[in-house]
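Enquirer: quick one: sequence and predicted model below, then my questions.
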Amino acid sequence: MDDLVWETLGTEIDYRCPGFDVRRDEVQFPEGETDGYHYVDEPPAVVVLPLTPDGDVVVIDEWRQAVGRTNRGIPAGTVEPEDRDDLKRAAARELAEETGYEADGFERLTTVEPANGVTNAVHHHFLATGCEPTAERDLDDNESIAVETVPYDDLLEAVIDDGLRDGRAVTAVTWYELLYR
C-alpha cells in the first residue's frame with residue numbers, strides 16, 4: 001500500500017474558528033505531482049447513547065445551522081485536552097453538560113472517522129447506562145438544546161425510516177444493535 005501514500009510537504013491553517021480549523025496541506029502524489037489539499041481539522045469527539053434504567057434514550061433536539069433545522073440527536077462534544085487519556089470522563093462531561101443526566105456506567109461502542117475525505121475528525125461512541133437527571137446542564141453559548149426521553153424502539157424506528165438524520169446518533173444506535181440486541 002506504500003504506492004498509495006501522499007507525502008505531506010507542508011501544512012498551514014487557512015482559517016481558524018471555534019471548534020475547528022480549515023487546514024491546507026501541500027502534498028506530493030505517488031506519481032510526483034504536487035498540489036494543495038484542504039480539509040477540516042478538528043479535535044476528537046465523544047458521542048453518548050444514554051439509556052435510562054427503564055431502557056429509554058435521553059435524546060436532544062438541537063438547532064443545526066449547517067442544515068437549517070432542528071435536529072434530533074444524542075449528546076456529543078469535543079474531547080478536551082485533559083480528557084484525552086480518559087474518554088469515559090469526556091463522555092460523562094458531555095452527557096451532564098448537554099442533558100443534566102449522569103450515568104452509572106459507560107461502555108465503548110466504536111470509534112469511527114465519519115468523513116475522512118474532508119475532515120480528520122475521530123468520533124468515540126459510548127453507551128451510557130443507568131442515566132438519571134441529577135446533574136446541572138452547562139451549555140456552550142452557541143448551543144440551543146432541548147432534552148427529552150424516548151423509548152429506545154422509537155429511536156430505532158427513526159433510524160430505519162430516515163426520521164433520525166444525525167450520523168453520530170445513527171452510528172451509535174446501529175452499533176448498540178450489533179453488540180447488545
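Expert: The structure has been received and is ready for your questions.

Enquirer: could you give the bridge partners of H125?
Expert: V47, T110 (DSSP bridges).

Enquirer: thinking it is in contact with P114, fair?
Expert: No: assessed by C-beta atoms under 8 Å, H125 is found out of contact with P114, at 10.4 Å. Yep, even glycine has a C-beta here, placed from its N, CA and C like the rest.

Enquirer: who has more neighbours out of those two?
Expert: Using other C-beta atoms under 10 Å as the criterion, H125 and P114 rank with H125 on top: 26 against 14.

Enquirer: and the more buried one, what pLDDT?
Expert: Looking at H125, its pLDDT reads 98.

Enquirer: that one: what's it in contact with?
Expert: Residues counted as contacts of H125 (C-beta atoms under 8 Å, 6 or more residues apart in numbering) are 46-49, 108-112, 168, 171-172, 175.

Enquirer: swap the cut-off to 7 Å and go again
Expert: 47, 109-110, 171-172, 175 (C-beta atoms under 7 Å, 6 or more residues apart in numbering).

Enquirer: of the residues you listed, which is the most crowded?
Expert: Within these, most neighbours by other C-beta under 10 Å means A172, with 28 neighbours.

Enquirer: mind splitting the chain into its structural domains?
Expert: For the chain, the structural domains run 2-41, 45-180, going by automatic domain parsing.

Enquirer: strands along the chain, start to end?
Expert: Remark: strands assigned in the chain by DSSP state E are 7-17, 20-28, 34-41, 45-50, 56-64, 69-73, 76-78, 105-112, 123-129, 145-151.

Enquirer: what's the shortest one packed up against?
Expert: When you say that, I think you mean strand 76-78. strand 45-50 (3 or more C-beta pairs under 7 Å, 6 or more residues apart in numbering; DSSP states H and E).
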